[in-house]
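Asks: Fold the following.
(2 chains)
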Number of protein chains: 2
Amino acid sequence: MNVAILGFGVVGSGVAEVIKNNCKSIEENSNVSLKVTRILDIRDFPESEYKDILTKSFDDILTDDSIDIVVETMGGVSPAFSFVSECLKKGKHVVSSNKELVATKGYELLALARENNVNFLFEASVGGGIPIIRPISRCLAGNKINEVAGILNGTSNFILTKMIVDGMSFDEALKLAQDKGYAEKDPTADVEGLDAMRKICILASLCFGSHVYPDGVYSEGISKITLEDVAYAASYDSVIKLIARAKKIGGDKALVMVSPCLVKNSSMLSGVNGVFNACLVRGDMVGDVLMYGQGAGSLATASAVVGDVIDCAANDKERKFFGWGDKKEGYLADYLDCETILYVRAESADKAAIEKAFGSVEYLTRENQPANEIAFITAAAKEKDLRCALEKAGINALSVIKVSDY
Amino acid sequence: MNVAILGFGVVGSGVAEVIKNNCKSIEENSNVSLKVTRILDIRDFPESEYKDILTKSFDDILTDDSIDIVVETMGGVSPAFSFVSECLKKGKHVVSSNKELVATKGYELLALARENNVNFLFEASVGGGIPIIRPISRCLAGNKINEVAGILNGTSNFILTKMIVDGMSFDEALKLAQDKGYAEKDPTADVEGLDAMRKICILASLCFGSHVYPDGVYSEGISKITLEDVAYAASYDSVIKLIARAKKIGGDKALVMVSPCLVKNSSMLSGVNGVFNACLVRGDMVGDVLMYGQGAGSLATASAVVGDVIDCAANDKERKFFGWGDKKEGYLADYLDCETILYVRAESADKAAIEKAFGSVEYLTRENQPANEIAFITAAAKEKDLRCALEKAGINALSVIKVSDY
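Replies: Sure, this is the predicted structure:
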């Protein structure tokens, strides 16, 4: 089957490479023959082995009836959304790795795919090469899934790992991530949680059945985490991780958010280091299932795209039975109304004031702890009540980080 | 769609319960309506809510054309093999959780399913509720998979965890596992590696494409592991785990085996504790992917069965594109011919003899180490050469355990 690729960047070029390298084993194992016959990119690649099939005109792909499957690896919503829409309307299957597109337009595109009797698949949009979307939608289909949580951004996990393991400061670790090509020049989307937030929107939509749009989802990054926090977390037998999570709560509401969290060392998520990602799914029948692997990288992500392409090709006439409903009004809970445990580091020595405001707390210690620094773990309570107590205690909070129950 | 269950034991009754509990959410999410209309068991269940649909006659199921999907949760090869064969020939999809059946008859049954244009699915046969088979066959289809390894037996992992974490002896931990219902009265299949071996046969067949039968696969259990070994492993920053693994090696051969291994604490497999299972897949494009969760238990395993049932029902006309070829002669490598690193504990104090036989080794220590006990880690070499060196050193080896590179 003929495949076209929209966007010849990191992932798109990886898709071409995976298909070229593994076409023989793909044919043996899955009985489909794949060939990349067109690649769209606005840039010139005069040295590329694909130069003869590169085009700058989307119409060359849209109007080519020999192309059955279109891979979208451009990123961004525009023009990806209109390109994907056009391809689906033309009866072409579309496979995308574009989390921004799926998070903001997934509902529309899934509906459009259904209308036109083709598939829109996006395994690579969450967790790069790690199987997540299909295991959730297929293998765990016998479960009600009420919680999903994960480490979904490799860049921020790399930075945190360097802080925890090598004692680097955030700035040093970010610089290293940039030098290694893990972080972009403007690292905001990674370190401030936006990237992880788009992914948890996709997972929440898939697990809970109605589209969760990024607008209104609380997202907090890691740029304020300090080595002092890392040390206190260690004394609590924990590490700090950027956790994206979605949880169904009473009254047909869901809490969807991204924030740094203290994660106990006994949790499988605590061992997810470096650029690796992991996704934990909590099913009512199966309990906790965790999927772990490389969350990014050209070939890893591309291999997930190619897995979807093979699925489309091998089951050309089959429609995938996954998808989700439209957004529900009033569906997203405010995290301030939800119960949590907080880690607090403060400029204070006034335990009496803290205990008056919070009741009993668990104090933490670290090496070289200044006399006017205090750190503690609160009891579980509504976050807004804990924030209120913090104000009441009249202390200068330097860090406030949630404690994860995953 | 109507579903029949063969065998109303732990998993079979779980399947009925999952379908009953979650039929509404299954219908919402996957657009299929499932109903259990017949259950086969030779036993009487006079108190069961299913008593009206229980039967002792397989023909009641085979000849009932209203039954589209048959779930086989009997275990064992006979009569499961003939029952499953008959159902496939009658044009019924079959979903099985029976690892012994799949490991010994998988090739035949997959071929029979293809001939009769139905599906034979068995996600639950490896790793209970954890998605493993479908992620490998679908999501990772763009990869060449050359290695797969895992902790695939929850009972032995529970026992090892109790030895490592709580300092129980093997016998005490086994007793506790039996008291908790994790281990059977005759625990041989679990603790001697047979159960894990069947599962790695299935995974090797799936990943490498030709059926690996249990005959001739080397399998070593955990019954000889002592607390002394656990202590030495800890001093090597490792834990002892029962590892099932399959690896392609040169000349179209594969090493498939089960044995205890020292696993470094930095490995994700080291954190898999208690009755949990994990499976690590090494793809040429994606790198390492790990899937983790409850490897057994009535509802967890049943939820994987129901996932397959939903797949059959939602895609009644679709044939799964997975399967594998027949056994290849001379395909299995002898583990003695393969390279490994060994941990050795011996009654000896003769370092000179050890170093003469092995060259440079890494000595380990433990608390209360007797003067005439020595433990060390060898360099990597062919296992038979290491065994030879052991003989040459003339020492009385108390334990010899492989060191894992996963």
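
Asks: could you list every residue that touches the closest residue to chain B within the stretch 201-350 of chain A?
Replies: Using C-beta to the nearest C-beta, A:V306 is the residue of the stretch 201-350 of chain A that sits closest to chain B, at 3.1 Å. Using the backbone N, CA and C atoms, a C-beta is placed for each residue, glycine as well. Residues counted as contacts of A:V306 (C-beta atoms under 8 Å, 6 or more residues apart in numbering or on different chains) are A:V15, A:V18, A:I19, A:N22, A:I26, A:L34, B:A141, B:G142, B:M285.

Asks: one more time with 7 Å, if that's ok
Replies: Residues near A:V306 by C-beta atoms under 7 Å, 6 or more residues apart in numbering or on different chains: A:V15, A:V18, A:I19, B:G142.

Asks: Ok, A:A231 next?
Replies: A:A231 neighbours (C-beta under 7 Å, 6+ apart): A:R366, A:E367.

Asks: so it, which of the three states?
Replies: Of the three states, A:A231 takes helix under DSSP: H, G, I helix; E, B strand; the rest coil.

Asks: interface residues of the stretch 301-406 of chain A facing chain B?
Replies: Those residues of the stretch 301-406 of chain A that sit near chain B, judged by C-beta under 7 Å from any C-beta of the partner chain, are A:A302, A:S303, A:A304, A:V306, A:G307, A:I310, A:D311, A:A314, A:N315, A:E318, A:F321.

Asks: Mind doing that once more with 6 Å?
Replies: With the criterion set to C-beta under 6 Å from any C-beta of the partner chain, the stretch 301-406 of chain A comes near chain B through A:S303, A:V306, A:G307, A:I310, A:D311, A:A314, A:N315, A:E318, A:F321.

Asks: if you look at these, which of them are in strands?
Replies: Applying DSSP state E to these, no entry is found in strands.

Asks: Tell me the buried residues within those.
Replies: A:S303, A:V306, A:G307, A:I310, A:D311, A:A314, A:N315, A:F321 (16 or more other C-beta atoms under 10 Å in any protein chain shown).

Asks: In space, what's closest to the fourth one - neighbours in sequence excluded?
Replies: To tie it back to what came earlier, the one meant is A:I310. Nearest non-adjacent residue to A:I310, counting by C-beta to C-beta, 6 or more residues apart in numbering or on different chains: B:A141, 4.5 Å away.

Asks: One more: the first one?
Replies: Closest residue in space to A:S303, ignoring its immediate chain neighbours: B:M285 at 3.7 Å, by C-beta to C-beta, 6+ apart.

Asks: pLDDT score assigned to that neighbour?
Replies: Listed pLDDT for B:M285 reads 95.

Asks: Tell me how many other residues crowd it.
Replies: 26 (other C-beta atoms under 10 Å in any protein chain shown).

Asks: measure it to A:S298 for me?
Replies: Separation of B:M285 from A:S298 (C-beta to C-beta, to the nearest Å): 9 Å.

Asks: ditto for A:A254
Replies: In this view, A:A254 and A:S298 are 33 Å apart by C-beta to C-beta.

Asks: Chain B contacts on the stretch 51-200 of chain A?
Replies: Residues of the stretch 51-200 of chain A lying near chain B (C-beta under 6 Å from any C-beta): A:E123, A:G129, A:I130, A:P131, A:R134, A:P135, A:R138, A:C139, A:A141, A:G142, A:N143, A:K144.

Asks: Which ones among the residues you listed lie within strands?
Replies: Using DSSP E, no member of these falls within strands.

Asks: and A:V148, helix, strand or coil?
Replies: Applying three-state DSSP: A:V148 is strand.

Asks: In this structure it contacts A:V281, no?
Replies: Yes - at 5.1 Å, A:V148 and A:V281 qualify as touching, with contact defined as C-beta atoms under 6 Å.

Asks: where does the nearest residue to A:S48 once chain neighbours are set aside land on pLDDT?
Replies: The spatially closest residue to A:S48, leaving aside those adjacent along the chain, is A:L54, at 6.7 Å (C-beta to C-beta, 6+ apart). Note on A:L54: pLDDT of 98.

Asks: and if you look at A:F321?
Replies: 58.

Asks: Where do the helices of chain A begin and end?
Replies: Assigned by DSSP state H, chain A shows helices spanning A:10-30, A:59-62, A:80-89, A:99-115, A:133-134, A:154-166, A:170-179, A:188-191, A:194-208, A:227-235, A:298-314, A:351-358, A:383-393.
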